[in-house]
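Chemist: no sequence for this one, just the structure:
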């Protein structure tokens, strides 16, 4: 009986010694604007990149400016519509996009504050683009079905639809008692679109070269710089440690990505308690990452904004990731604490200011 009791005690003690709830210590916490919701839209790419640029403005000028996400969205819809028509409907037309679409938009059209272009009609408080996207695609498909029978101008119809759902485009506005155009406002922020680069890590293209990543939302054929997986992590860590936040494109389809718990991990084994108790994670290699990308377990389904780093009680590194799903009922006030293993496996790409690159990696990328 004593032996049985001793065995039970050992099992009980062993279980609780290995079952640790997460305890986090923040090691880097960069300034960022408040977490907000993208509503019922697929425009995380604009919300996350706008948040990233807001932190860049704070870093560069000390100014806190709430940028309009929908101003970028409006102009990108027009670009996507043109691409869809010119490819005769043999391309994706959806609400999705990538970080460089925002950079392309501000290069051509500048930026505006949210207070002058919210993209919401009178009385609306939440974005919903289901009717907008359906209306735009109907116009484009109707035109493509029979271009000769289309009685109006499809480009005009697209712009009028955007006017109706998002608001008319603007060329001048007043902000803090000063008159601006979108381009002069961009100049005031000191953001230079040419300063931002997108970094990825895949084995099907040469390292330290650039290439067009063939993913559905890359309608604009943006270039990605390719580095080793180890260098991708080094770049992210170096950027954060030197005061640069990071735009993140990643996969969030894993059941261990939880906005409720505010956590994203890759446990070594299936474990129903992995989001509650600290669990050993998988070792992520470049080959495994590539395999998950090629079998579509890793896709570019969400973009967010990395604003800091944390560690748990065992010293494991996590990234503090600002999401755009609001804060109500979500863990960590709408932030996700993403383990390094999750980052290594599920990141499609990151965007950073080129000055955030370590010198040795910058030389490899730009001197080849």
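Modeler: Received, thanks. Fair warning: this is a prediction, and the values are worked out from it, not measured in the lab. Residues are numbered from 1 along each chain as shown.
Chemist: use CA for all of it now, contacts and neighbours both
Modeler: OK.
Chemist: how far is stretch 106-114 from where the chain is centred?
Modeler: Taking C-alpha atoms, centre = their mean, to the nearest Å, the mean C-alpha location of stretch 106-114 is offset from the chain mean by 18 Å.
Chemist: try stretch 342-358
Modeler: That offset, for stretch 342-358, works out to 11 Å (C-alpha atoms, centre = their mean).
Chemist: ok, residues contacting that stretch?
Modeler: 99, 195-201, 224, 229, 233, 235, 238-239, 242, 244-252, 264-266, 284, 288-289, 292, 298-300, 362 (C-alpha atoms under 8 Å, 6 or more residues apart in numbering).
Chemist: Stretch 78-85 now?
Modeler: Contacting residues not belonging to stretch 78-85 are listed as 90, 91, 92, 93, 136, 140, 144, 158, 159, 219 [C-alpha under 8 Å, 6+ apart].
Chemist: picking up where we left off before, from the contacts of stretch 342-358, keep the buried residues only.
Modeler: 99, 196-201, 224, 229, 233, 235, 239, 244-252, 264-266, 284, 289, 298-300 (16 or more other C-alpha atoms under 10 Å).
Chemist: returning to that earlier point: can you pick out the most distant pair from the contacts of stretch 78-85?
Modeler: Among the contacts of stretch 78-85, the pair separated by the greatest distance (C-alpha to C-alpha) is 90 and 159, at 21.6 Å.
Chemist: Now do the contacts for the closest residue to residue 36 other than its chain neighbours.
Modeler: Counting by C-alpha to C-alpha, 6 or more residues apart in numbering, residue 36 lies nearest to residue 326, which is 4.7 Å off, once chain neighbours are set aside. Neighbouring residues of residue 326 by C-alpha under 8 Å, 6+ apart: 35, 36, 37, 38, 334.
Chemist: repeat that with 7 Å
Modeler: Residue 326 is in contact with 35, 36, 37, 334, counting by C-alpha atoms under 7 Å, 6 or more residues apart in numbering.
Chemist: which of these sit farthest apart?
Modeler: Farthest pair in the contacts of residue 326 (C-alpha to C-alpha) is 37 and 334. Separation: 9.4 Å.
Chemist: higher neighbour count, these two?
Modeler: residue 334 (24 against 18; other C-alpha atoms under 10 Å).
Chemist: separation between the more buried one and residue 100?
Modeler: To residue 100, residue 334 is 24 Å away according to C-alpha to C-alpha, to the nearest Å.
Chemist: same thing with residue 231?
Modeler: Counting by C-alpha to C-alpha - residue 231 and residue 100 are separated by 21 Å.
Chemist: And for residue 93?
Modeler: 17 Å.
Chemist: same thing with residue 116?
Modeler: For residue 116 relative to residue 100 (C-alpha to C-alpha), the value is 23 Å.
Chemist: quick one: low-confidence parts of the chain?
Modeler: Applying pLDDT under 70 to the chain flags the ranges 1-18, 368.
Chemist: again, only this time at 90
Modeler: Where the chain drops to pLDDT under 90, the residues are 1-19, 121-124, 270-272, 367-368.
Chemist: May I have the phi/psi pair for the residue lying closest to residue 306 once chain neighbours are set aside?
Modeler: Leaving aside its sequence neighbours, residue 306 sits nearest to residue 321 (C-alpha to C-alpha, 6+ apart; 4.3 Å). With angles defined as degrees, to the nearest 10, residue 321 sits at phi -120, psi 120.
Chemist: So residue 321 is in contact with residue 334, correct?
Modeler: No - the pair residue 321 and residue 334 fails to qualify as a contact (C-alpha atoms under 7 Å) at a distance of 8.8 Å.
Chemist: that older thread, from residue 147, how far off is the residue nearest to residue 306?
Modeler: Residue 321 is 46 Å from residue 147, by C-alpha to C-alpha.
Chemist: neighbour count winner among these two?
Modeler: Set side by side, residue 321 and residue 147 show more neighbours around residue 321, with 25 against 13, by other C-alpha under 10 Å.
Chemist: need the contact list for that one.
Modeler: Counting by C-alpha under 7 Å, 6+ apart, residue 321 touches 304, 305, 306, 307, 335, 336, 337, 338.
Chemist: Show me which of those residues are buried.
Modeler: 304, 305, 306, 307, 335, 336, 337, 338.
Chemist: Filter those down to the ones in strands?
Modeler: Judged by DSSP state E, these include 304, 305, 306, 307, 335, 336, 337, 338 as members of strands.
Chemist: What does residue 156 show for phi and psi?
Modeler: Dihedral pair for residue 156: phi -60, psi -40, per degrees, to the nearest 10.
Chemist: gap between it and residue 163?
Modeler: Distance from residue 156 to residue 163, by C-alpha to C-alpha: 10 Å.
Chemist: Comparing these two, which residue is more hemmed in?
Modeler: residue 163 (14 against 10).
Chemist: what are the phi and psi angles of that one?
Modeler: When read as degrees, to the nearest 10, the backbone of residue 163 gives phi -60, psi -40.
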